[in-house]
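> Whatever this is, show me its structure:
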Amino acid sequence: QVQLVESGGGLVQAGGSLRLSCAASGRTFTGYAMAWFRQAPGKEREFVTGVNWSGGSTYYADSVKGRFTISRDNAKKTVYLQMNSLKPEDTAVYHCAADQRWGSAVSTKTGDYDYWGQGTQVTVSS
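Coordinates of the predicted model:
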């Protein structure tokens, strides 16, 4: 089992920045691809960004390219999401997720992820 705990959410004005963290505990997550998803009220959960096990490969949704950056520190078992130039449409609950298929590439599908955090609220005011 892997437990994931997100932190760093909050209220920010449009154009501002936030840095989310996702701390993992339990079984090792070094070989797992990690991702961030978000879910706004009344909408389906959507893929935001993901990183492979080594951190050498990343993938971003078009809506966040150039504004968001994902990174990971395997020694600390932590994944980060740096969010810059935030927009009101970025408002959502942000969840991190782990894909336990060892060494897998990043997937954009929620069904490919085995472990999920409870989420952290990000609210961007206009």
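> low pLDDT regions in the protein?
Filtered on pLDDT under 70, the chain yields no residues whatsoever.
> how far away is the residue positioned nearest the centre of the chain from residue 126?
For the chain, the residue sitting closest to the mean C-alpha position, by Cα atoms, centre = their mean, is residue 36 at 2.1 Å. Counting by Cβ to Cβ, to the nearest Å, the gap between residue 36 and residue 126 amounts to 23 Å. Just so you know, the C-beta spots here come from the backbone N, C-alpha and C atoms, and that holds for glycine as well.
> now do residue 24
From residue 24 over to residue 126 (counting by Cβ to Cβ), the distance is 34 Å.
> and what of residue 56?
Between residue 56 and residue 126 the distance, using Cβ to Cβ, works out to 37 Å.
> Now do the strands in this structure.
Using DSSP state E, the strands of the chain run over residues 2-7, 10-13, 18-26, 33-39, 46-51, 58-60, 68-73, 78-83, 92-99, 115-116, 120-125.
> Out of those, flag the one nearest residue 108.
strand 46-51 (4.1 Å; Cβ to Cβ).
> Paired strands for that closest one, with orientation please.
Each strand paired with strand 46-51, and its direction, by DSSP bridges: strand 33-39 (antiparallel), strand 58-60 (antiparallel).
> residues making contact with the first one?
Counting contacts by Cβ atoms under 8 Å, 6 or more residues apart in numbering, the residues outside strand 33-39 that touch it are 20, 22, 45-53, 70, 72, 79, 81, 90, 92-99, 101, 104-108, 110, 113, 119, 122.
> Find the residue closest to residue 90 in space, skipping its chain neighbours.
Spatially, and ignoring its direct neighbours in sequence, residue 90 is nearest to residue 124 (5.2 Å; Cβ to Cβ, 6 or more residues apart in numbering).
> beta partners of that neighbour?
When bridges are taken as DSSP bridges, the partners of residue 124 come out as residue 12.
> What's the separation between it and residue 100?
Between residue 124 and residue 100 the computed distance is 32 Å (Cβ to Cβ).
> ok, these two, which is more surrounded?
Neighbours per residue (other Cβ atoms under 10 Å) separate residue 124 from residue 100, with residue 124 holding more: 20 against 16.
> from memory that one sits against residue 84, does it?
No - checked against Cβ atoms under 8 Å, the pair residue 124 and residue 84 is beyond contact range at 11.7 Å.
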